[in-house]
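**Student:** next comes the sequence, and after it the predicted model I'd like to discuss.
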Amino acid sequence: MTTEVPNNRLYFGDNLGILREHIGDESVDLIYLDPPFNSARDYNILFASPKGGRSEAQIVAFKDSWQWGMQAEGEFDEIVRGGNTDVAEMIQAMRRFLGENDMMAYLVMMARRLLELHRVLKPTGSLYLHCDPAASHYLKIVLDAIFGGNFRNEIIWKRTGAHGGARRFGPVHDTLFFYSKTERYLWNFPKITHSVDYVQKHFAQTDKDDRKFQAISLTGSGIRHGESGQPWRHVDPTLVKRHWAIPGHVSKRYSLTGQTVQERLDALDAAGLIFWPKTEAGTPRLKWYADELEGMAIPDIWADIPPIGAQSAERLGYPTQKPLALLERIIQASSHEGNAILDPFCGCGTAVHCAQKLNRRWIGIDITHLAIALIEKRLKDAFPGIAFAVHGTPRDLDGARDLAARDKYQFQWWACSLVNAQPYQGRKKGADGGIDGLIYFQDEQKAHKKIVVSVKGGGKVGVAMVRDLVGVVEREKAEIGLFVTLAPPTQAMRGEAAKAGFYPSPTLPGNFPRLQILSVEGLLEGRERPLYPDLSQGGLTFKKAPREEKTADQKPLF
């Protein structure tokens, strides 16, 4: 059964469950996934501080690295007992070879999700999996088992400049595996413009109108006895064992079809498109103009899309952020306007950003509230007035209570997003020193100032917690402290906060409470908000995505 995918949605949660519960069979036109690479480390998200270095905000985005245990054993068993015997045989063979280790746990996790992605993909759809050499060779085996003989390309993307390696060649590339669901996959024959060096080398001649051209052959090898073998003007191609062969794109461009070969040659000559050699013995050739180039087919090595530079307006501070140009190429090559694009590992949302920009529908999924909050902000900055649904994140007080009861860390990250704060530290870092989030602001030139955020998701809060936050503000030399609470604050707490006084801005009018108590309920309903002066308008805490001026027109493929 084919179920149409809903328009433009973000989902918080494990993509396996979301795919099974919310995405119908054969409903998606294009899938791009950039999963964690299992590079033997936690999958960290690091923010830049206002001074340009790494800030204290380091968040471990996943609970841990993939390790073989009960969860991996259960997922393995589900694959073996599933309906795809090829995948079952493959995953058992890999386990016999690799054993029960972290890599095997990672591959089991990926195999289950790739089976679901294959299910939701339309018969005309394609999948691009972005990975690095840590697991790419194993992932290709998994993909081959799931997609059968529908492997299309291994694309090499040069993601960074040359640099040395420790006793090895410098690693500078990522891999993208391109698979289709069937032989009937959508393909737009993308092209790229030829380089300046190519044009200068191959189009070195100039006509009377200063147009650069290359003189290409008008004949093909072998003697033909039809009209293509007859002499034209004083030239008989059969004398050199050839025949007249006008390139098909030339006949189409100049509407030469339906005429004899000699008539088409006359028409080309009359239009000034024949290049005549200086000697009568020479064979006339066709002028192929540089300004008529339609571009070249894109190869499977992509060295023309640079990584996001340190000073690029596109950079949002997310370390694994991919350039928009990379996703634009993929989406333009393998989808049409109005098609549905799915990214099951959203990260900072480059794929859904590109899908919106190119007039596609989209679905994004991520397992952290931090990523969902980043994507929401990115899309709203880039596309003012954009409408999309977000599922799985609290929208009312009951939802907030439920999240706090299930996962206090995800609750803290989500609550920080309510006040536009960077989450602080990570789930494995131990004591957080009374800080759950950070906000940077600027109210005078060349001075970056700090607000500390404390989030309380428990059922009870009291005056002692407010006093503790006052101490943290003083210890951290912060200007303001925000106390974000799920439980209703008491009047005594508000009185204690008032004792902290005000932060007087040196340049902007008004005094701002040094310690502010904000309820989750008030923030959700829009009745409360943090008060502080900020010339950067939040740009020091999270970089603002550039606004997309045009969203209705698709960029040309070349």
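**Tutor:** That came through fine.
**Student:** can you map out the strands along the stretch 151-300 of the chain?
**Tutor:** 151-158, 173-180, 191-192, 205-206, 212-216, 219-221, 242-244, 274-275, 285-289, 296-297 (DSSP state E, counting those that start in this stretch).
**Student:** nearest to N8, out of those?
**Tutor:** The closest approach between N8 and any of the strands of the stretch 151-300 of the chain, judged by Cβ to Cβ, belongs to strand 173-180 at 24.3 Å. For every residue, glycine as well, the C-beta is placed using N, CA and C.
**Student:** coming back round to it: L523: which of the strands of the stretch 151-300 of the chain is closest?
**Tutor:** Using Cβ to Cβ as the criterion, the shortest distance between L523 and the strands of the stretch 151-300 of the chain is 39.0 Å, found for strand 173-180.
**Student:** in its sheet, what does the closest one sit against?
**Tutor:** strand 121-131 (antiparallel), strand 151-158 (antiparallel) (DSSP bridges).
**Student:** quick one: average pLDDT of the shortest one?
**Tutor:** Translated: strand 151-158. In this model, strand 151-158 has an average pLDDT of 96.
**Student:** quick one: contacts of it?
**Tutor:** Counting contacts by Cβ atoms under 8 Å, 6 or more residues apart in numbering, the residues outside strand 151-158 that touch it are 126, 128, 140, 143-144, 172-180, 185, 300-303, 305, 326.
**Student:** out of these, which end up buried?
**Tutor:** Using 16 or more other Cβ atoms under 10 Å as the burial test, the contacts of strand 151-158 include 126, 128, 140, 143-144, 172-180, 185, 302, 305, 326 as buried.
**Student:** in a strand, V453, correct?
**Tutor:** Yes. Counting by DSSP: H, G, I helix; E, B strand; the rest coil, V453 is located in a strand.
**Student:** shouldn't it be in contact with G434?
**Tutor:** No. Under the contact definition of Cβ atoms under 8 Å, V453 does not touch G434, with a separation of 10.1 Å.
**Student:** how about the contacts made by H202?
**Tutor:** H202 makes contact with Q214, according to Cβ under 8 Å, 6+ apart.
**Student:** next, the contact list for the nearest residue to Q321 once chain neighbours are set aside, please.
**Tutor:** Using Cβ to Cβ, 6 or more residues apart in numbering and skipping the chain neighbours, the partner closest in space to Q321 is C348 (5.1 Å). For C348, the contacting residues are L316, Y318, T320, Q321, A371, L374, I375, R378, taking Cβ under 8 Å, 6+ apart as the criterion.
**Student:** what distance do you get for the last one to D34?
**Tutor:** When you say that, I think you mean R378. When Cβ to Cβ, to the nearest Å is applied, the distance between R378 and D34 equals 15 Å.
**Student:** care to break this structure down by domain?
**Tutor:** Each structural domain of the chain that the record assigns through automatic domain parsing is listed here as a residue range: 9-64+120-192+298-391, 196-292, 397-525.
**Student:** do I have it right that I308 meets G317?
**Tutor:** No. Between I308 and G317 no contact is recorded; they are 10.3 Å apart, counting by Cβ under 8 Å.
**Student:** show me where the stretch 251-400 of the chain has its helices.
**Tutor:** Assigned helices in the stretch 251-400 of the chain, in chain order: 261-270, 324-334, 350-357, 369-382, 397-406 (criterion: DSSP state H, counting those that start in this stretch).
**Student:** residues of the first one that come out buried?
**Tutor:** The neighbour-count check on helix 261-270 (16+ other Cβ under 10 Å) flags V261, R264, L265, L268 as buried.
**Student:** ok, A382 - how many residues close by?
**Tutor:** Here the neighbour count serves as a burial measure; for A382 (other Cβ atoms under 10 Å) it reads 20.
**Student:** for it, which residues are in contact?
**Tutor:** Listed by Cβ under 8 Å, 6+ apart, the contact set of A382 reads H353, Q356, K357, A545, P546, R547, E548.
**Student:** and the two most separated of those?
**Tutor:** Checked with Cβ to Cβ, those reach their widest spread between Q356 and P546, with 13.6 Å between them.
**Student:** who's more crowded, those two?
**Tutor:** Q356 (21 against 12).
**Student:** quick one: neighbours of the closest residue to the more buried one other than its chain neighbours, just the number.
**Tutor:** The shortest distance from Q356 to any non-neighbouring residue, by Cβ to Cβ, 6+ apart, is to F383 (5.9 Å). Under the neighbour criterion other Cβ under 10 Å, F383 is assigned a count of 17.
**Student:** I'd guessed F383 sits against N359; true?
**Tutor:** No. Taking Cβ under 8 Å as the definition, F383 is not a contact partner of N359, at 11.6 Å.
**Student:** which of the strands paired with strand 173-180 sits most buried?
**Tutor:** Per residue and on average, the most neighbours among these fall to strand 121-131, with a mean of 23 (mean count of other Cβ atoms under 10 Å).
**Student:** measure how the following helix or strand past that one sits relative to strand 173-180, angle-wise.
**Tutor:** Once the chain leaves strand 121-131, the next helix or strand it forms, by DSSP states H and E, is helix 136-147. Taking axes from the mean of the first three to the mean of the last three Cα atoms, to 10 degrees, one finds helix 136-147 and strand 173-180 inclined to each other by 10 degrees.
**Student:** what are the contacting residues of helix 136-147?
**Tutor:** 84, 86-87, 89-91, 94, 103, 107, 110-111, 114-115, 118, 127, 129, 131, 151, 154, 175, 177, 179-181.
**Student:** how close does the residue sitting furthest away from the middle of the chain sit to G282?
**Tutor:** In the chain, H234 marks the outermost C-alpha relative to the chain mean, sitting 59.9 Å out by Cα atoms, centre = their mean. Counting by Cβ to Cβ, the gap between H234 and G282 amounts to 11 Å.
**Student:** also E476?
**Tutor:** 83 Å.
**Student:** looking at those two, which is more packed in?
**Tutor:** Here E476 and G282 are set side by side on neighbour count (other Cβ under 10 Å), and the busier one is E476, at 17 against 11.
**Student:** report the contact partners of that one.
**Tutor:** Contact analysis of E476 by Cβ under 8 Å, 6+ apart lists I435, K450, V452.
**Student:** same deal with G364?
**Tutor:** When contacts are counted by Cβ under 8 Å, 6+ apart, G364 touches R9, L10, Y11, L342, D343, C346, G349, A351, V352, I375.
**Student:** could you give the bridge partners of it?
**Tutor:** Per DSSP bridges, residues listed as beta-bridge partners of G364: L10, D343.
**Student:** many thanks, I have nothing further to ask.
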